[in-house]
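*Asks:* fold the following and give me the result.
(one chain, ligands or ions: 2)
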Amino acid sequence: MSQFSFAGNPAKTVEIAWTRPVWSKLSSGYKDLDAAKSRMKDARKLYIKSFGCQMNVYDSRRMADTLAPEGYAETEAADDADLIILNTCHIREKAAEKVYSELGRMRRLKAAAGAAGRRVTIAVAGCVAQAEGEEIVRRAPAVDLVFGPQSYHRLPDLLARAARDGKAVDTEFPPDDKFDHLAAPTSAAIRARGVAAFVTVQEGCDKFCTFCVVPYTRGAEVSRPVGKIVAEIERLADAGVREITLIGQNVNAYHGAGPDGRPRSLAALLERVSRIGGIERLRYTTSHPRDMDDALIAAHRELPKLMPQLHLPVQSGSDRILAAMNRRHTRADYLDIVARLRAVRPDLALTSDFIVGFPGESEGDFADTLSLVREVGFSGAFSFKYSPRPGTPGAALQEQIDEEIKSERLQRLQAEIDRGQAAFNGSCLGRTFDVLFEKTGRHAGQLVGRSPYLQPVQVTAPAALLGRIASVTITEAASNSLFGALAGAGEPALAGAGA
Ligand code: 5AD
Ligand code: SF4
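*Replies:* Ligands and ions are numbered 1, 2, ... in the order given. The predicted structure follows:
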């Protein structure tokens, strides 16, 4: 698999590894200080591991925020935790299997803690929980609590139920909006999480691509109202966040209510968010080609804060396979969208997702995918072997492709994608662009930031530039990242407000 990283990385397992003070949250959450103090004494430890996409990372953070007033402080060490939550991904079989192997490890931790007289609660959240429900408790009896993506706001109640009844399973799609009930992060928590933040604006999907479980595990498309998103981003900006990525399973189908109650498009939402003070950079992911409307394409010209990078999954270059996948766009449609985007933003870097070995895919169909990769010139892409998911139409198709053929095609596709990525990175050599510095690098005196095209850039720079945007000239391009020097003779050209 191509080793680059961009928002919406569906293949990465992300451990939510940050520790933050919960005391300010605790003390504001309880009226009386004595009660707060007694809660502090028995503060419990929470370990959350997030699998899959950025939406799970966002959800994990909101779960942690919701549990903070209950006295849970986060820990990076699973063996230290009183509550372990695995926030799972069901998109491919391998992703789901990873959860069960992780549960084996957690069962042993729970047994060891039990032997030492300490009770550990194990919870499974996310799409595997939604898809498999009770089955998880049958297969992994150490699990105490199973709950789907629409139940996160009920977490305190669910924990109480599991403690009382031994087990609790909740995979309902309740009619109320979970975002109304999830706690907001404290300023300290926001700062600890860095200057680039994700905000979920839309969930679920109505597209029903025939390979995909998302419409079943995440349900129908729902968009959050503009006002609530703006309020959340204002809070993030106040605490020092400079870059926002609006996320959703099908983010460009966004149609949340504006102040007058009428639906707004993603283009309108981006325009509104771009006016929030302190926010310097905007991105959105993941998009469907059918929802790339004229206004959204124009936004790439009209909104200077909208970064010149777009993740636009195509899945296949063959019209026959696109039709079998129920993508409802052709190869020509996709190329036309790319041309229109590049007409308004010539330096736009495009990334994508591909599936090889969808049922019925011939060598000719696969050749069409390879030629599409060459024709578009992606700056990177994820590629996957087709994984039949129970309950999806693709799984019932006759002409399933042999595993060896899938593996061989995947290798060839990845080589083509890697060539494109190397060419894109190479084209950045000698160029000067803004980098938002997000963290310290591996070596002393080094900072790591993101280019407008989302490549990681390593630069020797003063720590004072952390959280700030500075102009950088690219001096070296590796396959997965860039190296650069601050532009100007040692005088950093600062742009944007500092944290
Ligand atoms: N098999 C393989 N890849 C899949 N994806 C989604 N479902 C499957 C599946 N059943 C890939 C698609 C999607 C990305 C998030 O995961 O490429 O865009
Ligand atoms: Fe899945 Fe297709 Fe919806 Fe994307 S658009 S989430 S691939 S059904």
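
*Asks:* when you work out contacts or count neighbours from here on, use the C-alpha atoms and nothing else.
*Replies:* Will do.

*Asks:* phi, psi for A477 please.
*Replies:* Phi and psi for A477, reported as degrees, to the nearest 10, are phi -120, psi 120.

*Asks:* surely it touches F424?
*Replies:* No. Here A477 lies out of contact with F424, judged by CA atoms under 8 Å, at a distance of 9.4 Å.

*Asks:* how about R191, what does it touch?
*Replies:* Going by CA atoms under 8 Å, 6 or more residues apart in numbering, R191 touches A239, G240, V241.

*Asks:* quick one: which of these is the most crowded by neighbours?
*Replies:* Neighbour tally across those (other CA atoms under 10 Å): the maximum, 26 neighbours, falls on V241.

*Asks:* that older thread, name the nearest of the contacts of R191 relative to ligand 1.
*Replies:* V241 (26.4 Å; CA to the nearest ligand atom).

*Asks:* coming back round to it: could the contacts of R191 go into a markdown table alongside secondary structure, distance to ligand 2 and pLDDT?
*Replies:* Shown next, in a markdown table, are the contacts of R191 (DSSP: H, G, I helix; E, B strand; the rest coil; distance: CA to the nearest ligand atom, whole Å; pLDDT from 0 to 100):
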| residue | secondary structure | distance to ligand 2 | pLDDT |
| --- | --- | --- | --- |
| A239 | coil | 32 | 93 |
| G240 | coil | 31 | 93 |
| V241 | coil | 28 | 96 |
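
*Asks:* got the residues of the stretch 301-450 of the chain near ligand 1?
*Replies:* Residues of the stretch 301-450 of the chain lying close to ligand 1 (CA under 6 Å from any ligand atom) are P313, Q315, D353, F354, I355, F384, K385, Y386, S387, P388, R389.

*Asks:* close to ligand 1: what parts of the stretch 101-250 of the chain are there?
*Replies:* Residues of the stretch 101-250 of the chain lying near ligand 1 (CA under 6 Å from any ligand atom): F211, C212.

*Asks:* and for the closest residue to A140 other than its chain neighbours, the neighbour number?
*Replies:* Taking CA to CA, 6 or more residues apart in numbering, and ignoring the residues beside it in sequence, A140 has L103 as its nearest neighbour in space, at 7.1 Å. Using other CA under 10 Å, L103 has 22 other residues around it.

*Asks:* again with M106
*Replies:* Neighbour number of M106 under other CA under 10 Å is 22.

*Asks:* and the helix or strand harbouring it, what's its mean pLDDT?
*Replies:* According to DSSP states H and E, M106 maps onto helix 93-115. The average pLDDT within helix 93-115 is 93.

*Asks:* then stretch 423-442?
*Replies:* 96.

*Asks:* so which bits of it are buried?
*Replies:* In terms of neighbour count (16 or more other CA atoms under 10 Å), stretch 423-442 has its buried residues at 423-426, 428-429, 432-441.

*Asks:* what do you get for stretch 323-336?
*Replies:* For stretch 323-336, by 16+ other CA under 10 Å, it's A324, M325, R327, H329, T330, R331, Y334, L335.

*Asks:* reformat these as CSV; add secondary structure and pLDDT.
*Replies:* Compiled in CSV, these are given as follows (DSSP: H, G, I helix; E, B strand; the rest coil; pLDDT from 0 to 100):
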residue, secondary structure, pLDDT
A324, helix, 98
M325, coil, 98
R327, coil, 98
H329, coil, 98
T330, coil, 98
R331, helix, 98
Y334, helix, 98
L335, helix, 98
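
*Asks:* how far away is the residue most central in space within the chain from ligand 1?
*Replies:* With distances taken as CA atoms, centre = their mean, the residue of the chain nearest its centroid is Q54 (1.1 Å). In this view, Q54 and ligand 1 are 10 Å apart by CA to the nearest ligand atom, to the nearest Å.

*Asks:* how long is stretch 435-445 end to end?
*Replies:* 16 Å (CA to CA, to the nearest Å).

*Asks:* how about the helices in the stretch 301-450 of the chain?
*Replies:* Along the stretch 301-450 of the chain, the stretches classed as helices by DSSP state H, counting those that start in this stretch are 319-324, 331-344, 363-376, 403-427.

*Asks:* helices or strands up against the second one?
*Replies:* Same thing as helix 331-344. In this structure, helix 331-344 makes packing contacts with helix 294-302, judged by 3 or more CA pairs under 8 Å, 6 or more residues apart in numbering; DSSP states H and E.

*Asks:* next, the angle helix 331-344 makes with the helix it packs on.
*Replies:* Counting by axes from the mean of the first three to the mean of the last three CA atoms, to 10 degrees, helix 294-302 lies at 30 degrees to helix 331-344.

*Asks:* run through who's touching helix 294-302.
*Replies:* L266, A267, L270, E271, L306, M307, P308, R340, L341, V344, R345.

*Asks:* mind listing what's buried in that helix?
*Replies:* L296, I297, A298, A299, H300, R301.

*Asks:* tell me the mean pLDDT over that helix?
*Replies:* pLDDT averaged over helix 294-302 gives 98.

*Asks:* contact partners for A197?
*Replies:* Contact analysis of A197 by CA under 8 Å, 6+ apart lists L236, V241, E243, I244, T245.

*Asks:* the residue nearest to A140 and L67, how far apart?
*Replies:* For L103, the distance to L67 - CA to CA - is 22 Å.

*Asks:* how about V241?
*Replies:* From V241 over to L67 the distance is 23 Å, taken as CA to CA.

*Asks:* just give the nearest non-adjacent residue to L158, would you?
*Replies:* A168 (6.6 Å).

*Asks:* and the one you found, what are its bridge partners?
*Replies:* When bridges are called by DSSP bridges, A168 pairs up with L145.

*Asks:* quick check: it touching V143?
*Replies:* No. A168 lies out of contact with V143 (CA under 8 Å); the separation is 9.3 Å.

*Asks:* which parts of the stretch 51-200 of the chain are strands?
*Replies:* 72-74, 83-88, 121-125, 145-147, 168-170, 196-200 (DSSP state E, counting those that start in this stretch).

*Asks:* so which of the helices of the stretch 301-450 of the chain comes closest to C205?
*Replies:* For the helices of the stretch 301-450 of the chain, proximity to C205 was assessed by CA to CA; helix 319-324 is nearest, at 17.7 Å.

*Asks:* in CSV, list the C-alpha atoms belonging to that closest one.
*Replies:* Provided in CSV are the C-alpha atoms of helix 319-324 (Å, rounded to 0.1, in the frame of the first residue of the first chain):
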residue,chain,number,x,y,z
ASP,A,319,-17.2,1.6,-16.9
ARG,A,320,-18.4,-2.0,-16.7
ILE,A,321,-17.1,-2.3,-13.1
LEU,A,322,-18.3,1.2,-12.1
ALA,A,323,-21.8,0.2,-13.2
ALA,A,324,-21.6,-3.2,-11.3
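
*Asks:* for the stretch 151-300 of the chain, give me the ranges with low pLDDT.
*Replies:* Within the stretch 151-300 of the chain, the segments meeting pLDDT under 70 span 175-176.

*Asks:* let me see the contact set for L465.
*Replies:* Contacts of L465 (CA under 8 Å, 6+ apart): F437.

*Asks:* tell me the buried residues in stretch 152-165?
*Replies:* Going by 16+ other CA under 10 Å, stretch 152-165 has these buried residues: Y152, H153, R154, L155, L158, L159, R161, A162.
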